[in-house]
Structures are given as structure tokens and as C-alpha cells.
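Asks: no FASTA, just this:
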């Protein structure tokens, strides 16, 4: 049986969907139950600082909440390739395409951070102790990493409650659904009827007739002056 430590976020999402299907349409002879504690989230604050020449230089990100993670320094600074300047450093182990470039955005930064939190990079850790603990936990030989993270998650929920934030506790709550923007055409909000169009056309015709009358009067006046 695969250990819980090696279960990725993608697998959790897939298993969550399958669990619901099995509960709504059970298999004969089986009773399905699951402990979804590992789906519960935490509340971790962070600051992103943007340089004056953004987007040509990368921003920096720092966690304000204590995070025990292989790629987060003790002071909260996040170490991630996408926020590293685009310099040629063969000793870093990073490809140039993995580093910052002006086509990146806040959205790509956040997506990369979420991916890194789910799947830490232990090849070049910012927190060596956390990296060692994470590898042991993933191998199933030591649960200390999970213990520390769970405690931080529980502590963060108290801070979330203080700030009036509701922490997602299911995959459905965690994944914000995107709603397409409503079609906002001002013409669609106007109800035209035949009378309106008729009155509008009549007004135009009246204005044209008055204009023609004015022109005729001017012609008559001009003719009287010549006589």
C-alpha cells in the first residue's frame, strides 16, 4: 500500500472525486470511508515585494507565518527558481528557463509557490533540517516533519479565526471556481419597441422638413432682394 507521505496534491484531488463517486454509487459488498484530515488547509501569510523596475527584475516573497518547509529559510524568505534573477549560474542547478523573465506575472508566481509547497525541491534546500526531515517522512521512516507541519497548520487556524478568515477544509472549498464574465453590452440592456423606433424616425423627418422649409425661405428672401 502506498504511504500517505508520498501522496501528491494531484492524487488527493483525484481520490477525493473517486471517494464521492463511491459513496454516491457504492460497490456491492464494500463500505467506503476515509479520513480526510490531510485535506485540511492552513492560513499562512506572506508578503510579495516588487522592485521599481518590475517586471524586468523579479519580486521577492517572504512568509510572515512560520513555515517549516525545505524551500523556506528560517526568516521566512522563499527560495524558488521563478523569483531568481535571470543570470547564468551553472552551479545553482537551475536552468535559465526556470528563472525569472518579464513574461512572468503574479499569477504564475502564485501557481509556482503552490506547486512548490505541495512538492518541495530537496536538491537545493533553503532549510536543510526541514529537507532531511521531509525526505525521511516521505520514505516513511520518520513522522517528525508531519508533526511539525500539522502543529503549524493548527496554530495558523487560530490566527485565521482572529483575522476573520474561513480556512478551506475540503478540495471543493480550496479550489476556487472560475466564473466567466457576464456579457456586458449596453445595447442588450435597452428594450427597443416599434413605437420608439417610429417616434425616433418621425423626429428625424420633422427635422429634415423644417430644414428644407428654412432653406426655401432663404431662397425666397434672396429672390425678393434681387428684384
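Replies: Thanks, I have the structure now. Since this is a predicted model, take the numbers as computed values, not measurements.
Asks: What segments of the chain are strands?
Replies: Listed in chain order, the strands of the chain (DSSP state E) span 46-49, 60-63.
Asks: Run through who's touching the last one.
Replies: Strand 60-63 is contacted by residues 44-49, 72, 75-78, 80, 83, 109, 113 when judged by Cβ atoms under 8 Å, 6 or more residues apart in numbering. For glycine as for every other residue, the C-beta is placed from the backbone atoms N, C-alpha and C.
Asks: Just give me the neighbour total for the residue nearest to residue 83 when sequence neighbours are not counted.
Replies: Using Cβ to Cβ, 6 or more residues apart in numbering and skipping residues adjacent in sequence, the residue nearest residue 83 is residue 58, 4.8 Å away. Residue 58 has 22 neighbouring residues, counting by other Cβ atoms under 10 Å.
Asks: again, but for residue 130
Replies: 23.
Asks: Would you check how far apart it and residue 47 are?
Replies: 21 Å (Cβ to Cβ, to the nearest Å).
Asks: Which residue, other than its chain neighbours, is closest to residue 122?
Replies: According to Cβ to Cβ, 6+ apart, the nearest residue to residue 122 is residue 131 (4.6 Å).
Asks: again, but for residue 61
Replies: Once flanking residues are discounted, residue 61 sits nearest to residue 78: 4.4 Å by Cβ to Cβ, 6+ apart.
Asks: residues in contact with the residue nearest to residue 159 when sequence neighbours are not counted?
Replies: Of all residues not flanking residue 159 in the chain, residue 43 sits nearest, at 5.9 Å (Cβ to Cβ, 6+ apart). By Cβ under 8 Å, 6+ apart, residue 43 lies in contact with 65, 156-157, 159-160, 163, 165, 167.
Asks: Per the annotation, how does the chain divide into domains?
Replies: If you go by automatic domain parsing, the domain ranges for the chain are 4-174, 186-226.
Asks: What about residue 100, how many residues nearby?
Replies: Residues near residue 100, counting by other Cβ under 10 Å, number 21.
Asks: where does it land on pLDDT?
Replies: For residue 100, the pLDDT comes out at 93.
Asks: how close does the residue nearest to residue 159 get to residue 170?
Replies: 15 Å.
Asks: Filter the contacts of residue 43 down to the buried ones, ChimeraX style.
Replies: This is the ChimeraX syntax for the buried subset of these, where burial follows 16 or more other Cβ atoms under 10 Å:
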select :156,157,159,160,167
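Asks: returning to that earlier point: in contact with the residue nearest to residue 122: list those residues for me.
Replies: Per Cβ under 8 Å, 6+ apart, neighbours of residue 131: 70, 120, 122, 125.
Asks: a markdown table for these, including pLDDT?
Replies: Below are these laid out as a markdown table (pLDDT from 0 to 100):
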| residue | pLDDT |
| --- | --- |
| 70 | 96 |
| 120 | 92 |
| 122 | 91 |
| 125 | 92 |
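Asks: Export the residues you listed as TSV, with columns for distance to residue 135.
Replies: Converted to TSV, the contacts of residue 131 look like this (distance: Cβ to Cβ, whole Å):
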residue	distance to residue 135
70	9
120	9
122	6
125	10
